[in-house]
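>>> Give me a 3D structure for the following:
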Amino acid sequence: MAQSSAPRKNYLCVQALRAVAAALVVVHHSISLWLDWIMHTPNARHWTNGASGVDIFFVISGFVMAISLPGLAGKENKAGVFLWRRFTRIVPLYWAALTVQLAQIKLNPAMAAQNILTPWRVAASYLFIPARNGKGDMYPLITVGWTLNYEVFFYLLFACALMLNVSPLAFLTPVLGAVALLGLVRTQAWPDCTSLLSPVVIEFLFGVILAHFALRRKLPGKALAAVLLVGGFISLMLMPEVPSPWGYLAWGLSATAVVTGAVGLEDAIGHRLPKWLLEAGDASYALYLTHNFLLPHLGNVLHKAHVTGKPALAAAIVLGLAISFPAAVLVHRFIEKPLMNLFKKRRAVTDGELVLAPPALAPVLAEEG
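A predicted model of the protein is given here:
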C-alpha cells in the first residue's frame, strides 16, 4: 500500500467504471436476446461474463456507502439521513420504470403469461421484497430489479450500523459473513424473502473494506493499481462462470481488484477521462433500468430483417449498446434528474451534505454544494 496525499472528494474513475459495468450488463442481455429471438435457443451455453457487471456494481456500492461516512459526522439522525438519501437516489426512477412495466404486462398477454400479477407480487416489486414470477424465478416485475433487492437489504444493514453508532466495517463483517453462510445452507423450501441470504452480499463487504483503506489514504501505487484494474478485468472476461455460491467469491474478488485499481488510479488518470464517459457513468442507473425495454424491439427488427447467425449477434451487441446508451442519457437528463431534484428539495438539510450515489448513479462525490 502507498500513502496517498489526502482523502479524495470525488472518484471519477469509479464513475467511469459504472458506465463500463452497465455496458457489460447490456452486452450480456444482448447475447441472451440473440439466442432467444434469432437462434431460438434461449437455454444454449454462451458467454455469460457480461453479467459480472453486477459484481462490479455491488463492490462499488459498498465502497461508495462507506466512503460517504465523513459527511454524516455530526448528524443527529445519521441512519435516517442516510436512508432518505438512498431513497431519493434509487426509488423514484425505479418506481417509474416499474409502473411502465406493469402497464406493458397488462397490455401484452404474452408478457402476462410469464408474470404473476397478484397484489402481493406487485407490492413486493415496489417494496424490494423477493417474490417469484410465473416461471418460479425470484424476479420482480423488472428482472434486473433483483439486484436492487440486495442493494436495499445492504442499505438497511448499513443504516443499522449507523443507528447503533458502530463502525460499519465492524458491524457488517460478522453480519454479512453470517448472511453469506446462511445462504450456503438455504434451500428452496425456505420463504422467498430468505433468498436475500446469499454469498453475493460479501461483495458489498469487499467495497466497505476498500473504503476503509481509502479513507486512511492507504491505496495501491499506480503500477499495482494498473495491474489490479487490467488483471481483474481480464479475469472477469475470461474466467468461466463458477456455479453458485463460489461464483460470487470468484467474480467478487476480481471485481474488487477492478474497483481497487480504479480508486488507486484516480490521481493519475481521473482528470483525464473524457466527458462522454463520465456522462455515461451519470446515466448508468437509467441504462440499467431501461435497456431491457428497448432490446426486445431490436430483436423484433433483426428477426423481421432475417438477420441470422454471427452477423445477428454482432448487430445485437453493437446496436444494443448504440440505442441503449443515448436513450439512457435522455432518461437521466429529463426524467431521473428532475425526479431526484424534486425529492432533494424536500430534504430537511441540503447544504454541505454528503450525497454519494449508489452503484449505478453518478457523480461519485464526497460532497455536494
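
>>> And the strands in the stretch 201-350 of the chain?
218-219 (DSSP state E, counting those that start in this stretch).

>>> quick one: low-confidence ranges for the stretch 1-150 of the chain?
Residue ranges of the stretch 1-150 of the chain with pLDDT under 70: 1-9, 113.

>>> Quick one: residues contacting the residue nearest to residue 141 when sequence neighbours are not counted.
Excluding its sequence neighbours, the residue lying closest to residue 141 (CB to CB, 6 or more residues apart in numbering) is residue 125, at 4.4 Å. For glycine as for every other residue, the C-beta is placed from the backbone atoms N, C-alpha and C. By CB atoms under 8 Å, 6 or more residues apart in numbering, the residues touching residue 125 are 98, 131, 140-142, 145.

>>> need the contact list for residue 117.
So residue 117 contacts 102, 105-106 (CB under 8 Å, 6+ apart).

>>> go again using 7 Å as the cut-off
The contact partners of residue 117, by CB atoms under 7 Å, 6 or more residues apart in numbering, come to residue 105.

>>> same question, residue 132
138, 192 are the contacts of residue 132 under CB under 7 Å, 6+ apart.

>>> one more time with 8 Å
Residue 132 touches 116, 121, 138-139, 192, counting by CB under 8 Å, 6+ apart.

>>> re the thing from before, secondary structure element for the residue nearest to residue 141?
Using DSSP states H and E, the element containing residue 125 is helix 119-126.

>>> Show me what the helix or strand following that helix is packed up against.
Next in sequence after helix 119-126, counting helices and strands by DSSP H and E, comes helix 146-163. For helix 146-163, the elements it packs on are helix 52-67, helix 78-107, helix 168-185, judged by 3 or more CB pairs under 8 Å, 6 or more residues apart in numbering; DSSP states H and E.

>>> State the distance from the residue nearest to residue 141 to residue 156.
Counting by CB to CB, to the nearest Å, the separation of residue 125 from residue 156 is 17 Å.

>>> now swap in residue 170 and tell me
Distance, residue 170 to residue 156, by CB to CB: 17 Å.

>>> the more surrounded of those two?
Higher neighbour count among residue 170 and residue 156: residue 156, with 13 against 10, using other CB atoms under 10 Å.

>>> give the contact list for the more buried one.
Residue 156 makes contact with residue 83 under the criterion CB under 8 Å, 6+ apart.

>>> Apply 10 Å and report the result again.
79, 83, 86, 128 (CB atoms under 10 Å, 6 or more residues apart in numbering).

>>> Make TSV out of those and add neighbour count.
Listed next are the contacts of residue 156 as TSV, based on neighbours: other CB atoms under 10 Å:
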residue	neighbour count
79	18
83	18
86	21
128	21
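
>>> Return the member of those residues nearest to residue 228.
Distance to residue 228, by CB to CB, is smallest for residue 86 among these, at 28.2 Å.

>>> Tell me how many other residues surround the nearest residue to that closest one once chain neighbours are set aside.
In space, and not counting its chain neighbours, residue 86 is closest to residue 155: 4.9 Å by CB to CB, 6+ apart. Close neighbours of residue 155, defined as other CB under 10 Å, add up to 23.

>>> Same check on residue 136?
Residue 136: 9 neighbours (other CB under 10 Å).

>>> can you give me phi and psi for it?
The phi and psi torsions at residue 136 (degrees, to the nearest 10) take the values phi 90, psi 0.

>>> looking at it, it is touching residue 188, isn't it?
Yes: look at residue 136 against residue 188 with CB atoms under 10 Å: they come within range, at 9.3 Å.

>>> which sections of the stretch 251-369 of the chain are below the confidence cut-off?
Using pLDDT under 70, the flagged stretches of the stretch 251-369 of the chain are 346-369.

>>> Tell me which stretches of it form helices.
266-269, 275-282, 284-304, 309-331, 337-344 (DSSP state H, counting those that start in this stretch).

>>> Which of those helices sits closest to residue 180?
It's helix 284-304; of the helices of the stretch 251-369 of the chain, that one is closest to residue 180 (CB to CB) at 24.1 Å.

>>> what separates that closest one from the chain centre, distance-wise?
Put simply, helix 284-304 sits 18 Å off its chain's centre (CA atoms, centre = their mean, to the nearest Å).

>>> And stretch 255-274, by the same measure?
Stretch 255-274 has its C-alpha centroid displaced from the chain centroid by 18 Å (CA atoms, centre = their mean).

>>> Next up, the contacts around the residue nearest the centre of the chain.
Centroid-nearest residue in the chain: residue 57, 4.0 Å away (criterion: CA atoms, centre = their mean). Residues near residue 57 by CB under 10 Å, 6+ apart: 17-18, 21-22, 24-25, 147, 150-151, 203, 207, 255, 259, 284-285, 288, 358-360.
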